[in-house]
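# My questions are about this predicted structure, shown below with the sequence.
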Amino acid sequence: MRIGETHYRSIWMEEDPGIVSVIDQRKLPFELKVVKLKSGKDAYNAIAEMIVRGAPLIGVTAAYGIYLAGLNSDPQHWCEEVRLAGEKLSSSRPTAVNLKYAVDAMLGQVNCAGSREGMIDRLFYMAIRVVEDEVNRSREIGNQGLALIRDLFKKRGKPVNILTHCNAGWLACVDYGTATAPIYLAHDQGIPVHVWVDETRPRNQGSRLTAYELGQHGVPHTVIVDSAGGHLMQNGEVDLVLVGSDRTTRTGDVVNKIGTYLKALAAWDNKIPFYVALPSTSIDFNMKEGSETEIENRAGAEVAFVEGWNEKSLQPEKLRILPESSNVANPGFDITPARLVTGLITERGICNATEEGISSLFGE
């Protein structure tokens with residue numbers, strides 16, 4: 001996707017195959033900073049410290065991290081080091097299922113009875129495959145979801161108002177995005193769209209990342225506070241809710257950024273379609289109920305402080321917004337029951353958020 005007139009992905013390998021670069025999402029939209037990863041530890045830190053965010057990108061970063069761990073491994077202990085790197089990376093963020101998918105795919109290339117050089121080659125090509133597969137899945141999600149937006153425009157004859165939550169754009173998915181992919185395609189094909197962008201406290205991924213992406217691509221959008229979505233729906237200003245997913249169970253429960261459940265409830269009450277756009281790598285086929293998910297509880301400082309741009313110093317600045325004596329709870333995700341989900345938009349098509357619906361696309 002574009003930043004200015006330049007095409008970017010959110011992660012890429014440099015000409016030096018020992019360096020993987022990522023966009024530091026903590027700095028956006030104030031500064032475009034690139035961080036270079038040179039080891040498995042660097043990849044772990046990038047995920048754990050939220051330099052990279054979004055389930056697909058987390059998985060891709062872990063894949064590159066295992067490759068880098070192999071590339072830098074001790075010739076005498078390479079197998080053990082790579083497997084330990086995989087275990088470490090698996091622990092970096094507990095909720096997004098793409099992480100496990102990518103780590104398993106990479107470790108499947110490690111044959112301790114083989115050679116270190118052969119292992120490095122296999123990890124290199126598997127990492128590239130993991131990346132390109134995610135990009136292709138996002139592109140196809142866009143193609144599948146485009147019809148929903150086109151049909152709404154034909155039915156209403158006016159710009160389609162879409163509400164999003166958090167960031168499920170190209171920054172979170174290497175390229176195209178999940179929830180944003182149909183939006184970008186619709187815009188590029190001349191279908192008028194307007195996006196209501198939830199700010200998404202406490203990290204503000206919506207106002208800082210989604211709004212930044214949409215602005216760079218020229219998509220009309222308006223940032224709103226998280227609690228405004230229900231009001232807009234009641235007043236007929238939302239035609240479609242489109243969100244991503246960090247983990248979806250085989251029965252259609254959706255685990256996503258905290259606040260998604262409330263949007264689904266408001267959409268259900270106002271008879272507004274609520275769709276979840278996700279690649280198959282975000283489906284946990286081994287999990288039946290969303291309640292089985294380990295919900296990540298993040299540091300209270302994310303809530304206690306807000307980061308903004310100081311116009312005088314031209315630097316980002318953190319400000320405390322609540323009493324020092326107050327306790328803070330900061331769950332990162334919530335669970336939207338399948339009954340509130342109109343449908344799942346995947347790379348293979350759109351299906352009901354049920355075990356039967358998912359099996360119809362991925363049952364083989």
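Nice, I can see it.
# Does residue 321 touch residue 306 like I think?
Yes. Using Cβ atoms under 8 Å, residue 321 makes contact with residue 306 at a distance of 5.3 Å. For the C-beta atoms, the positions are set from N, CA and C on the backbone; glycine is no exception.
# More neighbours: which of these two?
Legend: neighbour count by other Cβ atoms under 10 Å for residue 321 and residue 306, higher for residue 306 (16 against 10).
# Next up, the contacts around that one.
By Cβ atoms under 8 Å, 6 or more residues apart in numbering, the contact list for residue 306 reads 202, 204, 318, 319, 321.
# Mark which of the residues you listed are buried, thanks.
In the contacts of residue 306, burial by neighbour count holds for 202, 204, counting by 16 or more other Cβ atoms under 10 Å.
# tell me which of the contacts of residue 306 is nearest to residue 153?
Using Cβ to Cβ, residue 204 is the member of the contacts of residue 306 that lies nearest residue 153, at 29.8 Å.
# what about residue 125, how many neighbours?
Applying other Cβ under 10 Å, we find 12 other residues in the vicinity of residue 125.
# where does it land in three-state SS?
Put simply, residue 125 is helix when judged by DSSP: H, G, I helix; E, B strand; the rest coil.
# Once you drop chain neighbours, what's closest to residue 328?
Spatially, and ignoring its direct neighbours in sequence, residue 328 is nearest to residue 300 (3.2 Å; Cβ to Cβ, 6 or more residues apart in numbering).
# Could you identify the helix or strand that succeeds the helix or strand encompassing residue 147?
Here residue 147, judged by DSSP states H and E, is contained in helix 116-156. Per DSSP H and E, the first helix or strand lying C-terminal to helix 116-156 is strand 160-164.
# and the angle for that next one with helix 116-156?
Interaxial angle, strand 160-164 versus helix 116-156 (axes from the mean of the first three to the mean of the last three Cα atoms, to 10 degrees): 140 degrees.
# and the helix holding residue 147, what's its mean pLDDT?
Helix 116-156 shows a mean pLDDT of 96 in the predicted model.
# what ranges do the strands span in the stretch 201-350 of the chain?
Here the stretch 201-350 of the chain has its strands, by DSSP state E, counting those that start in this stretch, at 221-224, 240-243, 247-249, 254-257, 274-277, 283-284, 305-310, 315-320, 333-336, 343-346, 349-351.
# The residue nearest to residue 328: neighbour count?
If you count neighbours by other Cβ under 10 Å, residue 300 ends up with 15.
# mind listing what it touches?
With contacts defined as Cβ under 8 Å, 6+ apart, residue 300 is in contact with 327, 328, 329, 330.
# Domain parsing of the chain, as residue ranges.
Using automatic domain parsing, the domain ranges for the chain come out as 2-134, 144-362.
# still on that earlier bit, would you list the strands of the stretch 201-350 of the chain in JSON lines and tack on distance to residue 174 and mean pLDDT?
JSON lines is the format used below for the strands of the stretch 201-350 of the chain (distance: least, Cβ to Cβ, whole Å; pLDDT from 0 to 100):
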{"stretch": "strand 221-224", "distance to residue 174": "22", "mean pLDDT": "98"}
{"stretch": "strand 240-243", "distance to residue 174": "19", "mean pLDDT": "98"}
{"stretch": "strand 247-249", "distance to residue 174": "18", "mean pLDDT": "96"}
{"stretch": "strand 254-257", "distance to residue 174": "19", "mean pLDDT": "97"}
{"stretch": "strand 274-277", "distance to residue 174": "15", "mean pLDDT": "98"}
{"stretch": "strand 283-284", "distance to residue 174": "18", "mean pLDDT": "96"}
{"stretch": "strand 305-310", "distance to residue 174": "25", "mean pLDDT": "90"}
{"stretch": "strand 315-320", "distance to residue 174": "25", "mean pLDDT": "91"}
{"stretch": "strand 333-336", "distance to residue 174": "21", "mean pLDDT": "97"}
{"stretch": "strand 343-346", "distance to residue 174": "17", "mean pLDDT": "98"}
{"stretch": "strand 349-351", "distance to residue 174": "21", "mean pLDDT": "98"}
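# Can you tell me which of those is nearest to residue 105?
Closest approach to residue 105 among those is made by strand 283-284 (14.9 Å; Cβ to Cβ).
# Show me what that closest one pairs with in its sheet, parallel or antiparallel.
Counting by DSSP bridges, the strands paired with strand 283-284 are strand 247-249 (parallel).
# List the contacts of the strand it pairs with.
Contacts for strand 247-249 (Cβ under 8 Å, 6+ apart): 55, 95-97, 254-255, 276, 278, 282-284, 287-290, 292-293, 338, 344, 353.
# Residue 72: how many residues sit nearby?
17.
# OK, contacts around residue 69?
Contact partners of residue 69, counting by Cβ under 8 Å, 6+ apart, are 39, 40, 81, 82, 85, 86.
# mind listing what the residue nearest in space to the middle of the chain touches?
Central residue of the chain (Cα atoms, centre = their mean): residue 54, 2.6 Å from the mean position. By Cβ under 8 Å, 6+ apart, the contact set of residue 54 is 10, 167, 168, 171, 172, 173, 244.
# Go again with 7 Å.
The neighbours of residue 54, taking Cβ atoms under 7 Å, 6 or more residues apart in numbering as the test, are 167, 168, 171, 172, 173.
# Would you mind putting those into a markdown table with secondary structure, pLDDT and distance to residue 71 alongside?
What follows is the contacts of residue 54, written out as a markdown table (DSSP: H, G, I helix; E, B strand; the rest coil; pLDDT from 0 to 100; distance: Cβ to Cβ, whole Å):
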| residue | secondary structure | pLDDT | distance to residue 71 |
| --- | --- | --- | --- |
| 167 | coil | 96 | 30 |
| 168 | coil | 96 | 31 |
| 171 | helix | 97 | 26 |
| 172 | helix | 96 | 26 |
| 173 | helix | 95 | 25 |
